[in-house]
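**Q** Kindly generate the corresponding structure for this input.
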Amino acid sequence: MTYGPRPENPNFLTESHPLHGHPDAHCVENRVEVERMVDRWSEEHDEIDVCVLRGCWIVGPNTQDHVTRHLTRATVPVVLGFDPLLQLVHEDDWLHAFEVATLEGARGVFNVVGSGVEPLSKLLRSAGRRLLPLPSALIDGAGSLLGTPSPGDPAKGFYDYLRYLWVADGALGWSTFGEPLFSTQEAWASLVGAERPRRSA
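**A** Next comes the predicted model:
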């Protein structure tokens, strides 16, 4: 998310791409600032191995946050006229990368993402969700009425991530931590597969 969702983004963002963040997403802006602080510190302490993991949206049977709660609603508001490619990483693949980086050592910046990308609409329909396409002006102006997933942030701080492209190149991370066990589609299936029993209970 730190790269920022932007209409001019290339298909796959490498680790050298600038961090644009999002001015309306305070958590993202905090992450960008922290990473800049870490980068400055590591330049002053070259003798210390510093590793930064940039994960995409993390999903799985044990992960619940504002993103998973929004995407697993029975009816999901989306931005009319936009159907971006999404990229997900399974919680187990994320934890594996974190474990390897910690226990075996890694130095540098790495994207940690699942393999493959899928259109937002395909993921939602595969899970039996209803899409509610709304005009950008309505979402941006009245996002709080839709149950905006990020409390306190303007709606654009979340919905731009469902509007524009922000998928990352995972090659460097995969070569360092190993190929992910789950594709984006498989990670999504593990989330909605675990979510259905909770709905029916």
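
**Q** Where does the prediction get shaky in the protein?
**A** Low-confidence segments of the chain (pLDDT under 70): 142-151, 195-201.

**Q** Which stretches in it count as helices?
**A** 26-44, 66-71, 91-103, 120-126, 136-142, 156-159, 171-177, 184-200 (DSSP state H).

**Q** May I have the beta-bridge partners of the spatially most central residue of the chain?
**A** Geometric centre of the chain, nearest residue: Trp57, 2.7 Å, by CA atoms, centre = their mean. Beta-bridge pairing of Trp57 under DSSP bridges involves Leu88.

**Q** Help me confirm that Cys56 comes into contact with Gly114.
**A** Yes - if you go by CB atoms under 8 Å, Cys56 and Gly114 touch, sitting 7.4 Å apart. For every residue, glycine as well, the C-beta is placed using N, CA and C.

**Q** And the two? Which one has more around it.
**A** Gly114 (27 against 23; other CB atoms under 10 Å).

**Q** who touches both of Cys56 and Gly114?
**A** 87-89 (CB atoms under 8 Å, 6 or more residues apart in numbering).

**Q** and those, which are buried?
**A** Those of those that meet the buried threshold are 87-89, by 16 or more other CB atoms under 10 Å.

**Q** nearest to His66, of the residues you listed?
**A** Leu88 (14.8 Å; CB to CB).

**Q** Isn't Leu53 up against Glu99?
**A** No - with contact defined as CB under 8 Å, Leu53 does not count as touching Glu99 (11.0 Å).

**Q** out of the two, which sits in the busier spot?
**A** Legend: neighbour count by other CB under 10 Å for Leu53 and Glu99, higher for Leu53 (15 against 11).

**Q** For the more buried one, give me its contacts.
**A** Going by CB under 8 Å, 6+ apart, Leu53 touches 97-98, 101, 110, 112, 173.
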